[in-house]
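Undergrad: sharing a model prediction with you, sequence too.
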Amino acid sequence: MVPGRSFVSVIESHVARPLQLLAAGAALALFVEVMVGPYTYPSVDLAPVVVAGHLVADGQTAYLYSQDQVRFNRVGDATFRQVARTAGFVSEPTPFVYPPLVAYAMKTMTDVPFSRIARFWAYASAIMILAALYGVFAAYLPAWNRPLGWAAVLLLLCLFEPLRYGFWLGQTTALIFPLVVAAVALQRHERPIAAGLALAVAAFIKLTPIVVVATWLWRGPRRPAAWFAIFLALLWTASLATMGVASNVQYLTRLAAISRIDLVAFNNQSILATLSRPWFHPSMWIYWHMYDPPVVPLVATRAILVMASLSAAYCLFRIPAAPDHRWRNPAEGMAFLLMLFAPNIAWTHYYVFLLPVMAIVLAEQRAGSVAPAAMVAIAFALCCRPILSPQDQPPTTTSALLVAIPILAALVLAIALFGTAYVNARRPQLAIE
């Protein structure tokens, strides 16, 4: 049985093709309207990328990685603020936390007003998210890649807060997500160069996608991993050649400093932040102050990650190497979850990476099994409005559990994924082929 076929094909058999296309078109129009227009978003996370381009163009690279000593979301530098105002950004800018090569590339946009760049990025983000959804269908649920499948998914995504929040921020997650999905989809279609390039760009901009390489190194094919290493080396060479050693060292030093902090702000959905919040008064959850992590949450986080890694290895090593998708799908799903669980900072908009995990669980569930699909539905609902409140507003609750709804959704999916992989490993004859 093809994963997801019964759900889609049964409905399609009762709906004429023109009506299916009409439904998909209407769903797409609503999706774009909800995510992009009318465009009034502040794009606060896009602003530092634009400002970085202006700093490079003006020869003021010394201020590129300005950071307030207390607040994570403030630059603490008058020059950075002034350049932001010159670029057309009227609010307080957030720090720039991308490789210097990104700033160098953005210097070509200094003549374009920020409002125009923000509007372009919003529409480009919608196109990239649609491309990512196509990649998810192609890699995991090919039977859903039809008009009614698209209509259903696009309608549901209108409520999916991690996605909506990313659009509100003007986040680069809209680029990283399709790049990572493209990498796994291209590998399946035996395009190792393109797969390596897509993942290299993603990992260069945001470090965490590098974990996907482990799935290629483990049981192969290893050519995408080799091309990944080549392209990543080329990107860093370009960064050094264009921006010099000092700016790149500044960037790496900033990353190292960020990796040591504890940020209990409500929109940080990392394990460390979730476990740390009871150590801080709820009034501190609405600020982005940087703290030293309390000992107990820090130790507990490391213990959880070690146990989760050992459990993942136990499940995956029990799965036969053939058929390929039987081990590769859960391995990739666990890599996506690790991207959310391992860092000390995992913003709510990162949880768009739960979508391919949901697809993997649905693709790997056994015929007649209801529990995995039910857990996917629960996890998705937990990340949707109104259950998950809009993340552009401070929470009204003082419950640490309610603030951590996205990571609870990820936990539900982790249980579903591990359970499905374990059952399929023990009873492969019952698994869907």
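TA: Sure, I can see it.
Undergrad: now do the buried residues in the longest helix along the chain.
TA: Determined from DSSP state H, the single longest helix within the chain is helix 223-258. Residues 223-225, 227-228, 231-232, 235, 238-239, 242-243, 247-248, 250-251, 254, 258 are the ones in helix 223-258 that count as buried (16 or more other C-beta atoms under 10 Å). The C-beta positions use only the backbone N, C-alpha and C, and glycine is treated the same way.
Undergrad: and that helix, what's its mean pLDDT?
TA: Across helix 223-258, the average pLDDT comes to 97.
Undergrad: what helices or strands is it leaning on?
TA: If you count contacts as 3 or more C-beta pairs under 8 Å, 6 or more residues apart in numbering; DSSP states H and E, helix 223-258 packs onto helix 100-106, helix 173-188, helix 192-205, helix 213-219.
Undergrad: output those helices as TSV; include the columns mean neighbour count and mean pLDDT.
TA: Putting the helices and strands packed on helix 223-258 into TSV (neighbours: other C-beta atoms under 10 Å; pLDDT from 0 to 100) gives the following:
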stretch	mean neighbour count	mean pLDDT
helix 100-106	22	97
helix 173-188	24	97
helix 192-205	23	98
helix 213-219	18	94
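Undergrad: for those helices, give me a markdown table that also has distance to residue 18.
TA: Formatted as a markdown table, those follow (distance: least, C-beta to C-beta, whole Å):
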| stretch | distance to residue 18 |
| --- | --- |
| helix 100-106 | 44 |
| helix 173-188 | 29 |
| helix 192-205 | 35 |
| helix 213-219 | 41 |
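Undergrad: ok, which of those comes nearest residue 385?
TA: Proximity to residue 385 (C-beta to C-beta) singles out helix 173-188 among the helices and strands packed on helix 223-258, at 18.1 Å.
Undergrad: next, the angle from that closest one to helix 192-205.
TA: Helix 173-188 runs at 150 degrees relative to helix 192-205, counting by axes from the mean of the first three to the mean of the last three C-alpha atoms, to 10 degrees.
Undergrad: and the contacts of helix 173-188?
TA: Contact with helix 173-188 is made by 121, 124-125, 128-129, 131-132, 135-136, 138-139, 166-167, 192, 194-196, 198-199, 201-202, 205-206, 209, 212, 215-216, 221, 224, 332, 336, 349-350, 352-353, 356, as judged by C-beta atoms under 8 Å, 6 or more residues apart in numbering.
Undergrad: now do 7 Å
TA: 125, 128-129, 131-132, 135-136, 138-139, 166, 194-195, 198-199, 201-202, 205-206, 209, 212, 216, 224, 332, 349-350, 352-353, 356 (C-beta atoms under 7 Å, 6 or more residues apart in numbering).
Undergrad: ok, stretch 201-218 next?
TA: 98-99, 102, 172, 176, 179-180, 183-184, 187, 199, 222, 224-225, 228, 232, 235, 328, 331-332, 335, 338-339, 343.
Undergrad: return it as CSV; C-alpha atoms alone will do.
TA: The C-alpha trace of stretch 201-218 is given here as CSV (Å, rounded to 0.1, in the frame of the first residue of the first chain):
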residue,chain,number,x,y,z
VAL,A,201,24.3,26.2,2.0
ALA,A,202,21.8,25.4,4.8
ALA,A,203,24.5,24.3,7.2
PHE,A,204,26.7,27.3,6.3
ILE,A,205,23.9,29.7,7.2
LYS,A,206,22.5,27.7,10.2
LEU,A,207,24.8,25.1,11.7
THR,A,208,22.3,22.5,12.9
PRO,A,209,21.3,21.0,9.4
ILE,A,210,24.8,19.4,9.5
VAL,A,211,23.3,16.5,11.4
VAL,A,212,21.5,15.3,8.2
VAL,A,213,25.0,14.3,6.9
ALA,A,214,25.1,11.6,9.5
THR,A,215,22.4,9.7,7.6
TRP,A,216,24.5,9.7,4.5
LEU,A,217,27.7,8.7,6.2
TRP,A,218,26.1,5.8,8.1
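Undergrad: what distance separates it from the centre of its chain?
TA: With C-alpha atoms, centre = their mean, to the nearest Å as the basis, stretch 201-218 stands 12 Å off its chain's centre.
Undergrad: again with stretch 106-118
TA: Averaging C-alpha positions (C-alpha atoms, centre = their mean) puts stretch 106-118 25 Å from its chain's average.
Undergrad: end to end, how far does it reach?
TA: 13 Å (C-alpha to C-alpha, to the nearest Å).
Undergrad: distance of residue 172 relative to residue 239?
TA: 16 Å (C-beta to C-beta, to the nearest Å).
Undergrad: what do you get for residue 119?
TA: Residue 119 is 28 Å from residue 239, by C-beta to C-beta.
Undergrad: grab the nearest non-local neighbour of residue 284.
TA: residue 264 (6.2 Å; C-beta to C-beta, 6 or more residues apart in numbering).
Undergrad: number of residues surrounding residue 65?
TA: 26 (other C-beta atoms under 10 Å).
Undergrad: go ahead and flag the most central residue of the protein.
TA: Residue closest to the mean C-alpha point of the chain, counted by C-alpha atoms, centre = their mean, is residue 350 at 3.5 Å.
Undergrad: okay but that one is in contact with residue 340, surely?
TA: Yes. The pair residue 350 and residue 340 passes the contact test of C-beta atoms under 7 Å, sitting 5.9 Å apart.
Undergrad: what number of residues lie near residue 81?
TA: By other C-beta under 10 Å, neighbour count at residue 81 equals 18.
Undergrad: before we move on, back to that, shouldn't the residue nearest to the centre of the chain be within a helix?
TA: Yes. With DSSP: H, G, I helix; E, B strand; the rest coil as the criterion, residue 350 is part of a helix.
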